[in-house]
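Engineer: below are the sequence and a predicted model; questions follow.
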Amino acid sequence: MTTRRIIVEPRGLASLGLTLAVPVASVFLALIVGAIFLALTGNSPWEVYSQMAETAFGSMRGLSETLISATPLILTGVAAAVAFKMLVWNIGAEGQFIMGAIFAAGIGIALGSGTPALIALPLVIGAGAVGGAFWASISAVPKVYLGVNEIITTLMLNFIALNFMNYLIFGSSSPWRDPEVSQFPSGRPIPDGGRIPEIFGSQRLDYGIVIAAALAVVAWFLISKTRWGFEVRVVGDSSDTARYAGITVPRKFLGVFLMSGAFAGLAGSLYVAGPVGALDPRSLDLG
């Protein structure tokens with residue numbers, strides 16, 4: 001009678017060099033592809049890329065504007081990355097970003113100018129997280145309990161959120177709309193207590209970029225260094241294995257989906273409480 005041996009081997013992990021090489025190579029290849037199309041259209045790739053670099057990094061104002069634009073992109077990128085760890089395809093970060101901005105601006109307006117910044121600012125930023133998580137839950141609950149495809153629902157909810165924001169400012173006399181501006185509808189400014197302070201000596205750049213970077217580190221720590229993150233990765237690798245190990249898969253799916261939406265909503269709150277200062281559809285553009 002022959003005996004069978006089960007050999008368990010650790011999963012191979014990519015080296016640090018490979019981990020760094022992949023994003024660098026991706027950027028390099030993207031520049032090459034872009035250069036090809038620029039050349040085909042009769043433009044000089046070198047001149048175009050030089051102008052891009054000069055505009056983005058060639059002055060303090062340019063660098064400030066680059067970092068301002070990077071703030072929401074960092075958090076919406078984190079939102080997508082957190083969801084993808086569990087193979088949840090959250091395509092609705094833009095809609096969650098918008099709803100976070102709506103919630104944040106609404107709380108800031110409701111609190112008024114008499115609320116101290118120590119109270120108002122955390123509430124405004126936290127409201128963005130709640131708004132993003134709420135919008136994500138509209139896709140998360142059907143996904144978890146009914147098996148509805150989250151790609152379709154999150155994508156459709158982007159357009160609903162966008163049109164809802166436009167309605168609040170352009171199609172109604174909502175509290176989000178500034179009643180003192182009659183020529184062209186715009187958002188009501190958030191009181192100073194709910195605004196993120198600017199970095200000393202900068203031009204429009206505020207501490208939102210610092211908050212976004214810190215939240216990205218927190219997300220990395222949760223996913224990579226905690227038991228919760230380990231369980232998330234197990235579910236992403238194999239939901240059947242996770243169930244066998246006693247992990248409550250539906251609860252993990254729901255938690256990750258809501259966390260992803262919260263990060264996207266935080267991006268919206270940092271934007272309206274930072275450089276924009278109001279719910280302004282013309283400025284809330286991730287593209």
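Structural biologist: It's in.
Engineer: any low-confidence regions in the protein?
Structural biologist: Within the chain, the ranges that satisfy pLDDT under 70 run 1-14, 201-203, 285-287.
Engineer: can you tell me the centre-most residue of it?
Structural biologist: Thr76 (1.6 Å; Cα atoms, centre = their mean).
Engineer: nearest residue to that one in space, ignoring adjacent ones along the chain?
Structural biologist: Ala93 (4.3 Å; Cβ to Cβ, 6 or more residues apart in numbering). Every residue, glycine included, has its C-beta placed from N, CA and C.
Engineer: ok, the one you found - contacts?
Structural biologist: Taking Cβ atoms under 8 Å, 6 or more residues apart in numbering, we find Ala93 in contact with 76, 79-80, 260, 264, 267, 286.
Engineer: just checking, which of those belong to helices?
Structural biologist: Among the contacts of Ala93, DSSP state H puts 76, 79-80, 260, 264, 267 in helices.
Engineer: now, of the residues you listed, which are buried?
Structural biologist: 76, 79-80, 260, 264, 267 (16 or more other Cβ atoms under 10 Å).
Engineer: ok, so of the contacts of Ala93, who is nearest Thr153?
Structural biologist: Nearest to Thr153 among the contacts of Ala93 is Ser260, at 13.5 Å by Cβ to Cβ.
Engineer: that closest one and Met86 touch, don't they?
Structural biologist: No. Using Cβ atoms under 8 Å, Ser260 makes no contact with Met86, being 9.1 Å away.
Engineer: quick one: buried residues of the helix or strand where Ile102 lies?
Structural biologist: Using DSSP states H and E, Ile102 sits within helix 93-111. Judged by neighbour count (16+ other Cβ under 10 Å), helix 93-111 contains these buried residues: 93-109, 111.
Engineer: cool, stretch 51-66 as well?
Structural biologist: 64-65.
Engineer: pull the CA atoms of the helix holding Ile102 into CSV?
Structural biologist: Taking Å, rounded to 0.1, in the frame of the first residue of the first chain, the C-alpha atoms of helix 93-111 are listed here in CSV:
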residue,chain,number,x,y,z
ALA,A,93,-15.4,55.9,-6.9
GLU,A,94,-16.4,59.0,-8.8
GLY,A,95,-20.0,58.8,-7.6
GLN,A,96,-18.9,58.1,-4.1
PHE,A,97,-16.5,61.0,-4.3
ILE,A,98,-19.4,63.3,-5.4
MET,A,99,-21.7,62.0,-2.6
GLY,A,100,-18.9,62.6,-0.1
ALA,A,101,-18.6,66.1,-1.3
ILE,A,102,-22.4,66.6,-1.0
PHE,A,103,-22.5,65.3,2.5
ALA,A,104,-19.4,67.3,3.6
ALA,A,105,-20.7,70.5,2.2
GLY,A,106,-24.1,69.9,3.6
ILE,A,107,-22.8,69.4,7.1
GLY,A,108,-20.5,72.4,6.8
ILE,A,109,-23.4,74.6,5.8
ALA,A,110,-25.7,73.3,8.5
LEU,A,111,-23.1,73.9,11.2
